[in-house]
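**Q** Only the shape, not the letters, is given here:
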């Protein structure tokens, strides 16, 4: 049967260079997508600045080239994979490596969303692979269970590292994995642990990211049992569990009996100098300069969050490029803040948003930003008494206390918790404190008379 035209190779001549990515794309697309736009179409309509093969539309366009570089410089929607873009966290990474290598501990890495846990895990995985560890990375979901998760883990561990199979055996030579030795029925922690005791000549690091999303209590109990088995038998396999949690007990509530075998590592907010390092890394990659005043605004608004810093840098740099500049000004940061507010607003329910704006209209942003800041810096929770102490004066402290009590009583924005050491509060929707903080920072720009750049369609 004749091949479709798309897959024919009869036109390929000996010695002719292979087509590049852009040429492959043109060959693959049907004719209907190759036609030129109608002459009547508006030249003002937004267009993509590059092809799907990452080729700029105009080769002499330095701003288009800068835009393409920017996509790898600041990635607020993606974790950091490139070591050159990893900012700060060196002490946290060093502690994790030492605990794995020198103490043979299992790790629990926790912190709030957007704090950089997944980026840290990728750097840890990269360092482990460099040391010839077998690294298996798995991201948990609501329905994750032990059998499915650890079958997938076993399939990534070559059988040639099993002590019962020499490298020259047929099974090892055909590339079989430990999964071939697992029973067809449901895999239990004891069975997987027994299999791992046979590993030799390597070490295995199993990374379970977003573990807090797993809803199965049985999965948590099975994981606790596996950690106990691996630790008691000095198996050459270690686990790194990561997720959103205020403390170790919340993330792995079923592992109290193996606490001596695990180390909890919190991922804290980044200090100002590390946020500055993040900005500098992006400048080096993109070729776009962030002016000192714009940098100061970004560091202040980010409040230690690498996600917020990356988001602001990304939007601000795009605004500068749209203005045919390669330097980011405070007005670009003001525009970026406006866009970030719009994005955050889509993650908040209509009812909550109405309450937020009613509160802002009634009380202003000063005290609300103080509450929001305490929540952001406290890992999602805050102590109302500590916030009142920072309010400045008895009148403001009383008003702050009244706001917190009102919101907690309505259970619309805040909910009260008691951790045994006193009352603490948390926003019900985790995007609200960032939204309130951004509103307050936007007011600062207005007071400084810094006009944002026009938000452009892209």
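**A** Done, it's in. Keep in mind that this is a model prediction, so the values were computed, not measured.
**Q** Centre of the chain to stretch 322-335, how far?
**A** 25 Å (Cα atoms, centre = their mean, to the nearest Å).
**Q** distance between the ends of it?
**A** Criterion Cα to Cα, to the nearest Å; first-to-last residue distance in stretch 322-335 is 12 Å.
**Q** burial count for residue 190?
**A** 12 (other Cβ atoms under 10 Å). For the C-beta atoms, the positions are set from N, CA and C on the backbone; glycine is no exception.
**Q** Next up, the contacts around the one residue sitting closest to the centre of the chain.
**A** When the chain is reduced to its mean C-alpha position, the nearest residue by Cα atoms, centre = their mean turns out to be residue 79, at 4.5 Å. Counting by Cβ atoms under 8 Å, 6 or more residues apart in numbering, residue 79 makes contact with 116, 118, 119, 121, 122.
**Q** Tabulate those residues (a markdown table), appending secondary structure.
**A** What follows is the contacts of residue 79, written out as a markdown table (DSSP: H, G, I helix; E, B strand; the rest coil):
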| residue | secondary structure |
| --- | --- |
| 116 | coil |
| 118 | helix |
| 119 | helix |
| 121 | helix |
| 122 | helix |
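**Q** Which one (most neighbours) among these?
**A** Counting by other Cβ under 10 Å, top hit in the contacts of residue 79: residue 116 with 27 neighbours.
**Q** Grab the nearest non-local neighbour of it.
**A** Distances taken as Cβ to Cβ, 6 or more residues apart in numbering place residue 306 nearest to residue 116, at 4.7 Å, with adjacent residues excluded.
**Q** that older thread, which one of the contacts of residue 79 is nearest residue 132?
**A** residue 122 (17.7 Å; Cβ to Cβ).
**Q** low-confidence ranges in the stretch 351-458 of the chain?
**A** By pLDDT under 70, the weakly predicted segments of the stretch 351-458 of the chain are 412, 417-422, 449, 451, 453-458.
**Q** Let me see the ranges of the strands in it.
**A** Along the stretch 351-458 of the chain, counting by DSSP state E, counting those that start in this stretch, strands occupy 381-382, 414-418, 423-427.
**Q** Could you chop the chain up by domain?
**A** The domain map for the chain lists 89-266, 272-345, 350-430, with the assignment taken from automatic domain parsing.
**Q** Now do the last one: distance from first to last residue.
**A** This means domain 350-430. 14 Å.
**Q** what about residue 85, distance to residue 114?
**A** Separation of residue 85 from residue 114 (Cβ to Cβ, to the nearest Å): 16 Å.
**Q** again, but for residue 203
**A** Residue 203 is 31 Å from residue 114, by Cβ to Cβ.
**Q** Ok, residue 189 next?
**A** For residue 189 relative to residue 114 (Cβ to Cβ), the value is 33 Å.
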